[in-house]
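Q: Sequence first, then the predicted structure, then my questions.
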Amino acid sequence: MKNKQKKIGIVGLGCYVPKKVLTNKDLEGMVDTSDEWITTRTGIKERRIAANNESTSTLAANAAHEALKNAKMKPEDLDLVIVATITPDMPFPATSCLVQDQLKAKNAACFDVSAACAGFVYGLVMAQQFLANGVYKNALVIGSEKLSCVTDWKDRNTCVLFGDGAGAAVLAPVEDGGILGSYLGSNGSLSDLLMIPAGGSKRPASKETVDNREHFIKMKGNEVFKLAVKIMSDAACNALKQCELTVDDIDCFIPHQANMRILDAVARKMHLPLDKIYFNVANYGNMSSASTAVALCEAYNAGRIKPGDVVVLDAFGAGLVWGSCVIQWQK
Ligand code: COA
């Protein structure tokens, strides 16, 4: 059965970040923080903030247009659109449906994935299943976030960390390479470490939830930090094991970009040279599901990914959830 499955690869990439740049210096005027603190603790220098007339779906559509152009495909050719996000335009309909409408991808089935920072990797693996089995011919997977609208701009513990953006990938059958293996996991018992407490069915919006600032991201940063290092390195090694590869086989490592110190620690734990890792956390901060998607697109555009290269995506986030995916770039 497995032998009959098609090889599925990425045949187009695109990304979009809003124009407005918010620097560490700007944040110094908003909360009790400093460029020096943010830089040494996180590696972040600046992040992008969406305009009022931009939402997760419009960021996603911008990235998707570029990915479709790159794949030389028309929107109406698309069979499936998956949007990974924790900042949907609204509770329903799905943001993917809103993106479908903006793209005029009228032949596509659409759904959203809620897997926080691992959402893009989850989306890729889900799309791969539909395509490998021949259910669909192609899929567009997007990681898109407008985290600025769920960031508490009065909380220095979190507001320095996040930013807005979107990245998109078109998947289709390829002759060689493609997604070789993947590893997904989760641990819901640790959901209290990173969450937006209110606004869902458990704590619907009320004056009390608004007054308590419960519609913003809450995080136990220190605990998340320690878990991120172990879980990200384990996830990548497990995904590599699935395809009988090792860390030495990695040509380009695209981790979730939450914090430079996490990435340094992951690299040390995996014995992975830093020059094999693509970093953009300094420019954008943590864009949740968009982080790996934008980093993959930028790494490709910068010539860091060549035909035949082994690329490993690795992400971790609220849930907790994690996912890693090994892709051999088609020749
Ligand atoms: N500016 C200045 N001081 C700050 C600050 C800021 N922006 N944010 C926190 N501090 C203070 C804290 O209040 C604390 O002060 P105190 O000792 O007087 O209480 C002090 O800095 C140290 O805080 P601590 O939480 O121990 O710092 P840290 O070294 O753990 O760094 C994070 C904090 C958030 C940068 C770090 O824990 C982290 O990156 N965690 C993971 C976050 C993440 O990646 N989440 C997403 C995963 S997908």
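A: Nice, I can see it. Note that the coordinates shown come from a computational prediction; the quantities given were computed from them, not determined experimentally. Numbers count the residues shown, from 1 in each chain.
Q: which bits of this protein sit near the ligand?
A: Within the chain, the positions near the ligand by C-beta under 6 Å from any ligand atom are 33, 37-38, 41-42, 117, 156-157, 160, 219, 221-222, 224-225, 228, 258-259, 262, 286, 316-317. Where you see a C-beta, it was placed from the backbone N, CA and C, and this is true even at glycine.
Q: Okay, now the unreliable bits of the stretch 151-300 of the chain?
A: Counting by pLDDT under 70, the stretch 151-300 of the chain contains no low-confidence residues.
Q: Break down it into its helices, ranges please.
A: Secondary structure of the stretch 151-300 of the chain by DSSP state H, counting those that start in this stretch: the helices cover 156-159, 207-211, 221-242, 260-270, 281-284, 289-301.
Q: Pick the most deeply packed of the ones you listed.
A: Mean neighbour count, computed with mean count of other C-beta atoms under 10 Å, is highest for helix 289-301 among the helices of the stretch 151-300 of the chain, reaching a mean of 28.
Q: quick one: I250 and V310, what's the gap?
A: 6 Å (C-beta to C-beta, to the nearest Å).
Q: Quick check: the residue most central in space within the chain vs the ligand, distance?
A: Geometric centre of the chain, nearest residue: S289, 2.6 Å, by C-alpha atoms, centre = their mean. Distance, S289 to the ligand, using C-beta to the nearest ligand atom, to the nearest Å: 10 Å.
Q: now do F216
A: Look at F216 and the ligand: by C-beta to the nearest ligand atom, they are 14 Å apart.
Q: Leaving out sequence neighbours, find the closest residue to that residue.
A: Spatial nearest neighbour of F216, excluding adjacent residues (C-beta to C-beta, 6 or more residues apart in numbering): D152 at 3.6 Å.
Q: Count residues in the vicinity of the one you found, would you?
A: 17 (other C-beta atoms under 10 Å).
Q: That one against N212, yeah?
A: No: if you go by C-beta atoms under 8 Å, D152 and N212 don't touch, sitting 10.9 Å apart.
Q: Helices of the stretch 1-150 of the chain, residue ranges please.
A: Under DSSP H, counting those that start in this stretch, the stretch 1-150 of the chain gives helices at 24-28, 35-42, 56-71, 95-103, 119-132.
Q: for the ones you listed, which one sits closest to A236?
A: helix 119-132 (10.7 Å; C-beta to C-beta).
Q: List the backbone torsions phi and psi for the residue of the stretch 1-150 of the chain found nearest the ligand.
A: At 3.3 Å from the ligand, T33 is the closest residue in the stretch 1-150 of the chain, using C-beta to the nearest ligand atom. Dihedral pair for T33: phi -150, psi 180, per degrees, to the nearest 10.
Q: OK, contacts around the closest residue in space to it that isn't next to it in sequence?
A: Leaving aside its chain neighbours, T33 sits nearest to R156 (4.8 Å; criterion: C-beta to C-beta, 6+ apart). Shown in contact with R156 (C-beta atoms under 8 Å, 6 or more residues apart in numbering): 31-33.
Q: let's see it at 10 Å
A: The contact partners of R156, taken as C-beta atoms under 10 Å, 6 or more residues apart in numbering, are 27, 30-33, 37-38.
Q: Overlap in contacts, I250 and V310.
A: The contact lists of I250 and V310 share 240, 276, 326, where a contact means C-beta under 10 Å, 6+ apart.
Q: Are we agreed that the last one is in a helix?
A: In this case it means V326. No: if the criterion is DSSP: H, G, I helix; E, B strand; the rest coil, then V326 is strand and not within a helix.
Q: about what we covered before: with respect to A108, which of the helices of the stretch 151-300 of the chain lies nearest?
A: Closest among these, using C-beta to C-beta: helix 289-301, at 18.1 Å.
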